[in-house]
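Student: Compute the structure for the input listed below.
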Amino acid sequence: MKREVDDGELTLRWSGRVSLTPRILFVNIFALALLAGGFFYLDSYRSRIVDSRVAQASREVRLIAEAMRSVQPARRDALALRLARDTGARLRLYDEAGTLISDTRALGLRNVVLQDPDKQDWGQGAARFLDAMIDTVVGTPRAPLYRERIAGLDWPDVRTARNTETAPATVWRAPDRTPVITAAAAISGLKGVQGVVMTTMNATDITQTVRVERFRLSVVLLIVAIVSILLSLFLARTIVRPLRRLARAAVRVRLGRAREVVVPRLPTRRDEVGMLARALSDMSLALRARIDATEAFAADVAHEMKNPLASLRSAVEGLSLVRDPELQERLLAIVRDDVHRMDRLITDISEASRLDAQLSRAKFEPVDIGAMLDGLLAQRDDRGTERGIRLRFDHRPSDRLIVMGEGTRLERVFENLIDNAVSFSPDGGLITLAALRDQDELIIKVEDEGPGVPEEAREQVFSRFQSLRPESEEFGKHSGLGLAIARTIVEGHQGSIVVESREDRLSGARFVVTLPLKDRR
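Tutor: Predicted structure coming up:
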């Protein structure tokens with residue numbers, strides 16, 4: 001198992017060192033290499049042509065032997081010349097002992113002339129070298145080199161034809177690598193074998209045909225290779241260049257050397273590369289916003305912690321100087337208040353800082369908002385509300401107020417809203433909670449009879465450490481994070497929370513929470 005993991009890591013490590021451009025080129029060139037296998041197909045094509053010519057030479061020499069048998073010996077030279085001109089072959093007649101008795105070349109017909117490779121141009125030399133290279137790669141057996149023989153029995157075809165009734169044929173290799181085909185047949189008579197006729201043909205047309213086809217294939221492969229390379233480079237450019245730009249931008253974001261790193265969005269690209277560019281750009285913007293929010297939050301935390309710490313330090317320093325027991329008690333009360341205030345502030349800060357991460361990992365379940373609000377109001381009735389403030393929940397019991405969420409977090413939202421309404425409500429005031437369905441959304445309203453929220457501050461109240469507290473409230477009782485935590489939780493449940501003025505009264509605030517329903521009927 002470990003070996004498999006190591007092999008996988010090695011493969012990934014190797015592939016990571018190779019750019020996309022050579023990979024694209026390799027894939028396309030590999031396909032062309034398969035097409036180049038046509039060069040080796042030409043070898044089998046040549047073999048089939050040679051085999052066909054060998055069979056043709058056997059048939060021709062048999063017919064020539066029959067023709068020679070049917071004429072008088074004195075007329076055989078004239079017949080041999082005529083047949084040699086018709087077939088393009090060199091004819092030789094041997095008697096039954098293998099002695100040469102007639103040769104069309106000696107009779108003046110030089111229709112079979114082997115070329116001297118040393119006198120040919122460089123093009124033919126390159127063609128012969130390519131022939132030899134392909135024959136070596138394919139493993140084609142080399143034919144024996146053709147050399148003239150004086151005695152007839154030195155030719156294997158003559159020996160075989162003299163002793164059998166077949167017409168054997170042999171393929172030889174000329175000095176210029178063209179095939180030479182010899183075939184022989186016995187001239188039979190009433191008294192047995194009277195002689196042997198042998199034909200020799202230099203099949204240069206076979207070699208020329210194969211070389212022409214190879215040249216045409218080379219031209220096609222060259223053109224296709226150039227086009228393939230150009231298309232590969234174009235494809236690599238359209239893929240690799242934007243990916244490199246994105247990679248460089250990502251490195252700048254990681255190093256943090258530039259405060260505002262612009263990740264290219266590639267708006268003209270509608271393919272996957274464009275989608276990746278825009279996703280990376282959005283991710284970098286979200287990351288920058290998160291970093292800015294974290295820095296601002298840290299600065300706000302430091303600022304908020306300074307006030308209770310300064311008060312606590314002043315009270316502690318005063319305790320060492322004051323001897324009046326009553327004044328000491330007052331200073332101790334300040335210390336206790338500041339300690340409680342710091343404890344509450346640290347608790348709220350800790351929850352606010354962990355809230356986003358916890359919501360992203362939370363497992364949502366069906367939550368009955370109606371039952372939750374009923375339970376919250378029942379608990380407050382049991383504890384008793386301060387200053388005679390009344391609480392009322394308006395909803396239809398038949399409505400299914402089910403949302404998907406985390407119950408404890410949503411409960412914290414409505415506790416914060418109720419606490420906020422209580423702190424702003426006058427003595428004996430009424431706080432009304434209402435829940436209703438609106439198509440596929442659940443709307444919960446929390447209304448109080450307090451002074452309301454100014455229009456210019458309605459967004460500000462949801463910011464961290466921002467609080468417009470009533471003048472009658474004791475300083476430091478709230479951390480200013482309650483509504484910010486409520487908004488974070490609601491937005492983590494794909495909902496929204498806003499504040500507005502009550503339309504049925506001259507004063508008072510209305511907080512409206514909107515959450516998606518579980519059953520969208």
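Student: State the mean pLDDT of the helix ranked longest in the chain.
Tutor: Using DSSP state H, we find that the single longest helix of the chain is helix 204-255. Helix 204-255 comes out with an average pLDDT of 81.
Student: Also stretch 419-430?
Tutor: Computed over stretch 419-430, the average pLDDT equals 82.
Student: With just CA atoms, put that stretch into CSV.
Tutor: Extracted C-alpha coordinates of stretch 419-430, given in CSV (Å, rounded to 0.1, in the frame of the first residue of the first chain):
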residue,chain,number,x,y,z
ASP,A,419,-33.2,41.9,25.0
ASN,A,420,-32.7,44.8,22.7
ALA,A,421,-36.4,45.6,22.6
VAL,A,422,-36.7,45.4,26.4
SER,A,423,-33.8,47.8,26.9
PHE,A,424,-35.5,50.4,24.7
SER,A,425,-39.1,49.9,25.8
PRO,A,426,-40.6,52.3,28.3
ASP,A,427,-41.9,51.2,31.6
GLY,A,428,-45.1,49.0,31.2
GLY,A,429,-44.4,48.9,27.4
LEU,A,430,-45.6,46.2,25.0
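Student: Going by neighbour count, list what's buried in that stretch.
Tutor: 420-426, 429 (16 or more other Cβ atoms under 10 Å). For glycine as for every other residue, the C-beta is placed from the backbone atoms N, C-alpha and C.
Student: same thing with stretch 434-447?
Tutor: 434-435, 442, 444-447.
Student: Looking at the residues you listed, which one is closest to residue 490?
Tutor: Of all the buried residues of stretch 434-447, residue 444 has the smallest distance to residue 490: 9.9 Å, by Cβ to Cβ.
Student: if we can go back for a sec, by contact count, what packs against the longest helix of the chain?
Tutor: The elements that helix 204-255 packs onto, with contact taken as 3 or more Cβ pairs under 8 Å, 6 or more residues apart in numbering; DSSP states H and E, are helix 20-35, helix 38-70, helix 122-138, helix 272-319.
Student: 7 Å instead?
Tutor: Applying 3 or more Cβ pairs under 7 Å, 6 or more residues apart in numbering; DSSP states H and E, we find helix 204-255 packed against helix 20-35, helix 38-70, helix 272-319.
Student: closest to residue 481 out of those?
Tutor: Smallest distance to residue 481 across the helices and strands packed on helix 204-255 (Cβ to Cβ): 9.2 Å, for helix 272-319.
Student: now the closest one and helix 204-255, what's the angle there?
Tutor: Put simply, helix 272-319 runs at 20 degrees to helix 204-255, going by axes from the mean of the first three to the mean of the last three Cα atoms, to 10 degrees.
Student: Run the chain-centre distance for helix 272-319.
Tutor: 37 Å (Cα atoms, centre = their mean, to the nearest Å).
Student: what does stretch 172-180 give?
Tutor: Remark: stretch 172-180 is offset 54 Å from the chain centroid, using Cα atoms, centre = their mean.
Student: Equivalent analysis for stretch 311-326, please.
Tutor: That offset, for stretch 311-326, works out to 69 Å (Cα atoms, centre = their mean).
Student: Stretch 331-341 now?
Tutor: Relative to the chain's own centre, stretch 331-341 is displaced by 62 Å; criterion: Cα atoms, centre = their mean.
Student: and what of stretch 59-77?
Tutor: 75 Å.
Student: CA-only coordinates of that stretch in CSV, if you can.
Tutor: The C-alpha trace of stretch 59-77 is given here as CSV (Å, rounded to 0.1, in the frame of the first residue of the first chain):
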residue,chain,number,x,y,z
ARG,A,59,4.2,-18.0,-65.3
GLU,A,60,6.1,-16.0,-68.0
VAL,A,61,9.2,-18.2,-67.9
ARG,A,62,7.0,-21.3,-68.2
LEU,A,63,5.3,-19.9,-71.3
ILE,A,64,8.6,-18.9,-72.8
ALA,A,65,9.9,-22.5,-72.3
GLU,A,66,6.8,-23.8,-74.1
ALA,A,67,7.4,-21.4,-76.9
MET,A,68,11.1,-22.4,-77.1
ARG,A,69,10.2,-26.0,-77.3
SER,A,70,7.8,-25.5,-80.2
VAL,A,71,10.4,-23.8,-82.5
GLN,A,72,13.5,-25.0,-84.2
PRO,A,73,16.8,-24.4,-82.4
ALA,A,74,18.0,-22.1,-85.2
ARG,A,75,15.0,-19.8,-84.7
ARG,A,76,15.3,-19.6,-80.9
ASP,A,77,17.5,-16.5,-80.9
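Student: Can you give me the buried ones in that stretch?
Tutor: 60-62, 64-65, 67-69, 76-77.
Student: okay, those residues in TSV with distance to residue 231 and pLDDT next?
Tutor: Output for the buried residues of stretch 59-77, formatted as TSV (distance: Cβ to Cβ, whole Å; pLDDT from 0 to 100):
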residue	distance to residue 231	pLDDT
60	52	93
61	55	92
62	57	92
64	58	93
65	61	91
67	62	91
68	64	89
69	67	88
76	67	89
77	66	90
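Student: And the residues you listed, which two are furthest apart?
Tutor: 62 and 77 (20.1 Å).
Student: re the thing from before, pick out whichever of the buried residues of stretch 434-447 sits closest to residue 46.
Tutor: For the buried residues of stretch 434-447, the minimum distance to residue 46 (Cβ to Cβ) is 83.7 Å, reached by residue 442.
Student: Which elements pack onto the helix or strand containing the closest one?
Tutor: For residue 442, the element it lies in under DSSP states H and E is strand 441-447. Applying 3+ Cβ pairs under 7 Å, 6+ apart, one finds that strand 441-447 makes contact with helix 407-424, strand 430-438, strand 509-516.
Student: ok, 8 Å please
Tutor: Using 3+ Cβ pairs under 8 Å, 6+ apart: strand 441-447 touches helix 369-383, helix 407-424, strand 430-438, strand 509-516.
Student: Of all these, which one comes closest to residue 174?
Tutor: With respect to residue 174, and counting by Cβ to Cβ, the nearest of the helices and strands packed on strand 441-447 is strand 509-516 at 89.2 Å.
Student: ok and the closest one relative to strand 430-438, angle-wise?
Tutor: Computed by the same axes, to 10 degrees, the angle separating strand 509-516 from strand 430-438 equals 30 degrees.
Student: Which residues in strand 509-516 does the neighbour count mark as buried?
Tutor: For strand 509-516, burial by neighbour count (16+ other Cβ under 10 Å) applies to 509-511, 513-515.
Student: and residue 140, what are its phi and psi?
Tutor: phi -70, psi 130 (degrees, to the nearest 10).
Student: surely it meets residue 42?
Tutor: No. The criterion here is Cβ atoms under 8 Å, and residue 140 misses it with residue 42 at 11.1 Å.
Student: Now list whatever residues contact both of the two.
Tutor: Jointly contacting residue 140 and residue 42 under the rule Cβ atoms under 8 Å, 6 or more residues apart in numbering are residue 134.
Student: With distance to residue 380 added, can I get the buried residues of stretch 419-430 in TSV?
Tutor: Shown next, in TSV, are those (distance: Cβ to Cβ, whole Å):
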residue	distance to residue 380
420	14
421	11
422	9
423	14
424	16
425	13
426	18
429	14
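Student: what's the closest of those to residue 24?
Tutor: residue 420 (61.4 Å).
Student: and the helix or strand harbouring residue 101, which residues are buried?
Tutor: Per DSSP H and E: residue 101 is located in strand 100-103. For strand 100-103, the neighbour count (16+ other Cβ under 10 Å) marks 102-103 as buried.
Student: chain center to that strand, what's the gap?
Tutor: How far strand 100-103 lies from its chain's middle: 77 Å, per Cα atoms, centre = their mean.
Student: repeat for stretch 500-517
Tutor: 50 Å.
Student: mean confidence score for it?
Tutor: Mean predicted confidence for stretch 500-517 is 79.
Student: Let's see the pLDDT reported for residue 354.
Tutor: Value for residue 354, per-residue pLDDT: 64.
Student: Count the neighbours of residue 412 for me.
Tutor: Using other Cβ atoms under 10 Å, residue 412 has 17 neighbouring residues.
Student: got it, and residue 154?
Tutor: Residue 154: 12 surrounding residues under other Cβ under 10 Å.
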